[in-house]
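> Generate coordinates for the sequence data below:
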Amino acid sequence: MIEAKIDKFLNDFKIKYELMPCDPELADTEDFCKYYNVPKSNSGNTIIIASKKDPIIYSACIVTAEYKLDVNKIVRKLMGVRRLSFASAEQTAELTGMIIGGVTPVALPPDINIYIDKNIENLDYIILGGGSRSQKIKIDINSLLTIPNTQFIEGLGIPL
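Model (predicted):
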């Protein structure tokens, strides 16, 4: 089960976190922030990106709900590919074991680079998907970099 894998990962890497139960119907960012009174600036979206050509390579990108991902410039350059897109729900589930609305950078396959918008670095905490639509994970920002293959990237997010 993905929740057990995520819990083990968080504890193995000594990441400071708090699990937050979430109504699956309210897992999408806009609904979650509104219902649970969470600032959009502290609500993170983990987005899986896939290259278009074989062999397909993936990355995970994190921006807050106040930003959209700069896929065409920044992510393309980071991944070193000419064409890419948002991974489909099927690709995301197959790669991560998670469904859209619950994707988290925690416990991803070890070969996936995780790019985090630099603006997030200034927060005290961020709330991310919890592996399913029934939970979220509140993570201390300083703990984010203990997740393998993570780096903060300037300009990854474009303000909405």
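> Okay, strands next: where are they in the protein?
With DSSP state E, the ranges of strands along the chain come out as 17-21, 44-51, 58-64, 67-69, 84-86, 113-117, 125-129, 135-140, 150-153, 157-159.
> Could you export those strands to JSON lines, including columns for distance to residue 93 and mean neighbour count?
Backbone N, C-alpha and C define where each C-beta goes, glycine included. JSON lines is the format used below for the strands of the chain (distance: least, Cβ to Cβ, whole Å; neighbours: other Cβ atoms under 10 Å):
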{"stretch": "strand 17-21", "distance to residue 93": "21", "mean neighbour count": "14"}
{"stretch": "strand 44-51", "distance to residue 93": "10", "mean neighbour count": "22"}
{"stretch": "strand 58-64", "distance to residue 93": "13", "mean neighbour count": "24"}
{"stretch": "strand 67-69", "distance to residue 93": "20", "mean neighbour count": "17"}
{"stretch": "strand 84-86", "distance to residue 93": "14", "mean neighbour count": "16"}
{"stretch": "strand 113-117", "distance to residue 93": "18", "mean neighbour count": "22"}
{"stretch": "strand 125-129", "distance to residue 93": "13", "mean neighbour count": "22"}
{"stretch": "strand 135-140", "distance to residue 93": "17", "mean neighbour count": "20"}
{"stretch": "strand 150-153", "distance to residue 93": "22", "mean neighbour count": "16"}
{"stretch": "strand 157-159", "distance to residue 93": "24", "mean neighbour count": "15"}
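> okay if I get these as a markdown table plus mean pLDDT and distance to residue 1?
Shown next, in a markdown table, are the strands of the chain (pLDDT from 0 to 100; distance: least, Cβ to Cβ, whole Å):
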| stretch | mean pLDDT | distance to residue 1 |
| --- | --- | --- |
| strand 17-21 | 95 | 14 |
| strand 44-51 | 97 | 19 |
| strand 58-64 | 98 | 20 |
| strand 67-69 | 97 | 29 |
| strand 84-86 | 95 | 26 |
| strand 113-117 | 98 | 22 |
| strand 125-129 | 97 | 15 |
| strand 135-140 | 96 | 12 |
| strand 150-153 | 96 | 24 |
| strand 157-159 | 96 | 31 |
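> Dump the ones you listed to TSV, plus distance to residue 4.
Formatted as TSV, the strands of the chain follow (distance: least, Cβ to Cβ, whole Å):
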stretch	distance to residue 4
strand 17-21	12
strand 44-51	19
strand 58-64	20
strand 67-69	29
strand 84-86	28
strand 113-117	21
strand 125-129	16
strand 135-140	12
strand 150-153	22
strand 157-159	31
